[in-house]
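Participant: The sequence and its predicted three-dimensional model are supplied below.
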Amino acid sequence: MSDKNKDKNAALRGGILRLVLLLGSLCFLGCSQNSENVSERAGESNDGEIRVIAVSYPLQYLTGRIVGDLIAVECPVPREASDPSLWKPSREAVLSMQSADLVIANGVGADYAKWLPKVSLSESKLCRTATKGLALSDYIAVEDVSIVHSHGPEGEHSHPTMVSRTWLDPAMAKKQAVYIAAQLEKKYPQFAAEFAANLDALTKDLDRLADLLRPAEGEDLLPLVTATPFQKFFARAAGVGELHLTWFSIPEVEQANLELKALLESADATGGVVLFDRELPSKEILTLLDGQGFRSLSLDLLDQPPDDGDFLSSLEANILALKKALAR
């Protein structure tokens, strides 16, 4: 073979080799880009998991309705926690929250999870549905008459307490859901259409409950007294319940009974409904209430998943029970 032909063959082999390498690199690049697109589509966090955490069951429910089957929504609070707002997270729970894409909370103004400020979280992870999702007029503050103390020139006094269970009012829950959906869309823009469709279905459900809870025009209802501030959003949405007697928690029920008895005896009111949280007080207090023409009603605060149904069905059951008790 002549030197000229050898040179041609060498050049041809070199060209083929370069072509193979080019095609290989393009194939690798394409696979790499496809892999990145799949990861982006899934919305994976740094640890490879798609995770959103909600600090309460109602927020978990609202978020879960919006994301559907696309993203897992976890609540770190165990079912056995008697008061999820006062639960103390373990180290594992803290690490789980820190590795999540988003943490859905209420936030300042209606701060529910008292433990959350103790968890070191990036601000970019926090979705404060009450702080930024609500207007100033949406909030409720009550004077906590059972915690009276003295400092400075004011003498004995108590400070207003911000009510945190916003989601007991379906209209408030709707506002929070809208804000949650907006933040989810920012985090996972590839799912925007699915989020919008799911949010539409959720808001229709919440609108129906808001209409059910709202008193009909001209409806004559009994006065409602809330024994604690926890149900205040629920009572306000029902158009009743301006009177708040005392603040107490179930572990201190005996002392709370004494306070409630003294306050009720001094109240210039006869007849109505007294709304308690979770369970009714002692027989002594029930007898006192009955003697003054008051009906007693206890409703679940919906802090934990119910044994049957879900947040929405449980809230509807609360609404129906309240309307029945308030009917003259």
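Facilitator: Everything's here; your move.
Participant: Looks like residue 286 contacts residue 298 (just checking).
Facilitator: No: assessed by Cβ atoms under 8 Å, residue 286 is found out of contact with residue 298, at 10.6 Å. C-beta coordinates here come from the backbone N, C-alpha and C atoms, glycine included.
Participant: Common neighbours of the two, please.
Facilitator: residue 280 (Cβ atoms under 8 Å, 6 or more residues apart in numbering).
Participant: domains of the protein?
Facilitator: With domains defined by automatic domain parsing, the chain comprises 51-151+165-212, 215-326.
Participant: Quick one: those domains as a markdown table, columns for mean pLDDT too.
Facilitator: Output for the domains of the chain, formatted as a markdown table (pLDDT from 0 to 100):
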| stretch | mean pLDDT |
| --- | --- |
| domain 51-151+165-212 | 91 |
| domain 215-326 | 82 |
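Participant: Please enumerate the helices of the stretch 51-200 of the chain.
Facilitator: Here the stretch 51-200 of the chain has its helices, by DSSP state H, counting those that start in this stretch, at 57-67, 91-98, 170-187, 192-213.
Participant: Tell me which of these sits most buried.
Facilitator: helix 57-67 (a mean of 24; mean count of other Cβ atoms under 10 Å).
Participant: In CSV, please show the C-alpha coordinates belonging to it.
Facilitator: The C-alpha coordinates for helix 57-67 follow below in CSV (Å, rounded to 0.1, in the frame of the first residue of the first chain):
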residue,chain,number,x,y,z
TYR,A,57,-53.0,17.5,61.3
PRO,A,58,-55.3,20.1,59.8
LEU,A,59,-52.4,21.6,57.8
GLN,A,60,-51.4,18.2,56.8
TYR,A,61,-54.9,17.5,55.5
LEU,A,62,-55.1,20.8,53.6
THR,A,63,-51.7,20.3,52.0
GLY,A,64,-52.4,16.7,51.2
ARG,A,65,-55.5,17.6,49.4
ILE,A,66,-53.6,20.1,47.2
VAL,A,67,-50.7,17.8,46.3
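Participant: now the angle from that helix to helix 192-213?
Facilitator: For helix 57-67 against helix 192-213, the angle between stretch directions is 130 degrees (axes from the mean of the first three to the mean of the last three Cα atoms, to 10 degrees).
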